[in-house]
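A.B. asks: Need coordinates for the following:
(one chain, ligands or ions: 1)
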Amino acid sequence: GAAAEIKRWTLNDFDIGKPLGRGKFGHVYLAREKRSTHIVALKVLFKSQLKQSQVEHQLRREVEIQSHLRHPNILRLYGYFYDQKRVYLILEYAAKGELYKELQKCKYFSERRAATYVASLARALIYCHGKHVIHRDIKPENLLVGAEGELKIADFGWSVHTFNRRRTMCGTLDYLPPEMVESVEHDASVDIWSLGVLCYEFLYGVPPFEAKEHSDTYKRILQVNLKFPSKPVVSSSAKDLISQMLVKETSQRLPLHKLLEHPWIVQNAEPS
Ligand SMILES: O=C(O)Cn1ncc2ncnc(NCCc3cnc(NC(=O)Nc4cccc(Cl)c4)s3)c21
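C.D. replies: Model prediction:
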C-alpha cells in the first residue's frame with residue numbers, strides 16, 4: 001500500500017469531553033478519536049503564550065523526543081496538530097489522573113506503594129537514559145496514574161537529549177571552555193537525584209530540603225542537608241536508599257540498575 005504517510009490530525013477528528021486539568025499554557029481535555037473511538041487526552045496550548053514564553057523549541061524537542069519513547073511507565077505522546085491560534089498534543093489518557101493529588105489526599109504513601117512507584121520510575125528512567133534522554137523535571141506534578149494504578153511519567157517539556165561530547169568532538173575535550181565541560185557533566189544523574197527527592201516525598205509527604213525561603217532551600221540542597229523526621233516512622237532501609245541517591249558528587253549517586261537491587265526495593269516493590 002501507499003507509504004505510511006504522516007496522518008494530518010485536525011480537531012474534527014475528535015469528540016471533545018470533560019476538562020481534565022488546566023496547566024500554565026492551556027487546558028487538557030478528555031477526547032475520543034472519532035474513527036477508532038480511541039480515548040485520548042488532548043492538551044491545548046495557545047501559540048501566543050508559547051511565543052511569549054519562548055518555549056516553542058522546547059515543545060518541538062518534546063514532540064521529537066517523545067515520538068521515539070515507548071515504555072509502560074512513560075505517558076505516550078501520539079502526535080500533535082495545530083490551527084491558527086493553538087497547538088494540540090494528542091496524549092495517552094491516564095485514567096487515575098495526577099499522582100500529587102493522591103499524595104495530598106493520603107499525606108504520604110506506605111513503603112510498599114512508594115517502593116513500587118520508585119521501581120517503575122527507575123525502570124522508565126533506565127529506558128530513557130538508554131536512549132540518551134534525561135527528563136530533568138521528575139516531580140509529583142509530572143506523574144500520572146493509569147487505569148491499573150501504574151505510574152506514567154508525563155510532560156517531557158524539559159527533557160533533553162544528552163550526547164557525550166567526548167565522542168562527537170573527534171576524541172578531544174581539550175578545546176571546550178569550562179562552562180561547556182560543566183554542561184557535559186549535567187547528565188543522567190540529575191534524574192537519580194530527583195528520584196531520591198521523590199522517594200523522600202512519597203514517604204514523608206514533604207520534600208527533603210523544603211524551607212520557607214527559596215534561598216534557604218537552595219542552601220540546604222547545596223549542603224545536602226538531609227534530615228529524616230521521627231514521624232512518620234520509616235524503615236532504615238528506605239533511609240539508606242535515599243541517602244545513596246541524594247549525594248552531591250554526581251558520579252557517587254546510586255546507579256538506577258543498582259537501585260532495583262537495593263533490599264528496600266526488592267522487599268517492598270510489587271513485581272511489575
Ligand atoms: O494533567 C492533567 O491536567 C490532567 N490529566 N489527567 C489525566 C490525564 N491524562 C493525560 N494527560 C493529562 N495531562 C497532560 C499531561 C501532559 C503530558 N505531556 C505534556 N506536555 C506538555 O505540556 N508540554 C509542553 C507544554 C507547554 C510548553 C512546552 Cl515547551 C511543553 S502535559 C491528564
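A.B. asks: In three-state terms, label the closest residue to the ligand within the stretch 1-150 of the chain for me.
C.D. replies: Among all residues of the stretch 1-150 of the chain, residue 21 sits closest to the ligand, at 2.1 Å; criterion: CB to the nearest ligand atom. In this view, the C-beta of every residue, glycine as well, is placed from N, C-alpha and C. At residue 21 the chain is in strand, as set by DSSP: H, G, I helix; E, B strand; the rest coil.
A.B. asks: so it touches residue 29, yeah?
C.D. replies: No. Using CB atoms under 8 Å, residue 21 makes no contact with residue 29, being 9.3 Å away.
A.B. asks: Quickly list what the residue of the stretch 1-150 of the chain closest to the ligand is bridged to.
C.D. replies: Residue 21 forms beta bridges with residue 28, as assigned by DSSP bridges.
A.B. asks: and it, what does it touch?
C.D. replies: Residue 21 makes contact with 27, 28, 97, 98, according to CB atoms under 8 Å, 6 or more residues apart in numbering.
A.B. asks: Now the phi/psi pair for the last one, please.
C.D. replies: Dihedral pair for residue 98: phi -90, psi 130, per degrees, to the nearest 10.
A.B. asks: Give me the neighbour count for it.
C.D. replies: Around residue 98 sit 18 other residues, with neighbours defined as other CB atoms under 10 Å.
A.B. asks: Same question for the second one.
C.D. replies: In terms of burial, residue 28 registers 17 neighbours under the definition other CB under 10 Å.
A.B. asks: Touching, it and residue 18? I think so.
C.D. replies: No. The criterion here is CB under 8 Å, and residue 28 misses it with residue 18 at 10.1 Å.
A.B. asks: Am I right that residue 147 is in contact with residue 92?
C.D. replies: No. With contact defined as CB under 8 Å, residue 147 does not reach residue 92; the gap is 10.7 Å.
A.B. asks: out of these two, which sits in the busier spot?
C.D. replies: residue 92 (18 against 9).
A.B. asks: So what pairs up with the more buried one in the strands?
C.D. replies: residue 40.
A.B. asks: so who does it touch?
C.D. replies: Shown in contact with residue 92 (CB under 8 Å, 6+ apart): 40, 41, 75, 76, 77, 78, 152.
A.B. asks: Now do the contacts for the residue lying closest to residue 12 once chain neighbours are set aside.
C.D. replies: In this structure, residue 12 finds its nearest non-sequential neighbour in residue 34, 8.0 Å apart by CB to CB, 6 or more residues apart in numbering. For residue 34, the contact set (CB under 8 Å, 6+ apart) comprises 12, 13, 14, 15.
A.B. asks: next one: residue 69
C.D. replies: Counting by CB under 8 Å, 6+ apart, residue 69 has contacts 76, 127, 128, 131, 133, 156.
A.B. asks: pretty sure it belongs to a helix, no?
C.D. replies: No. Residue 69: not assigned to a helix; according to three-state DSSP it is coil.
A.B. asks: Could you check how far residue 148 is from residue 70?
C.D. replies: 18 Å (CB to CB, to the nearest Å).
A.B. asks: now the helices: where do they sit in the stretch 51-200 of the chain?
C.D. replies: When assigned using DSSP state H, counting those that start in this stretch, the helices of the stretch 51-200 of the chain occupy the ranges 56-67, 99-105, 111-130, 165-168, 178-185, 189-204.
A.B. asks: what does the chain have sitting close to the ligand?
C.D. replies: 20-21, 23, 25, 28, 41, 43, 45, 55, 58-59, 62, 75, 89, 91, 93-94, 97-98, 144, 154-155, 157 (CB under 6 Å from any ligand atom).
A.B. asks: Buried ones only from these, please, as a ChimeraX command.
C.D. replies: Listed next is the ChimeraX selection for buried residues among these, using 16 or more other CB atoms under 10 Å:
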select :20,25,28,41,43,45,55,58,59,62,75,89,91,93,94,98,144,154,155,157
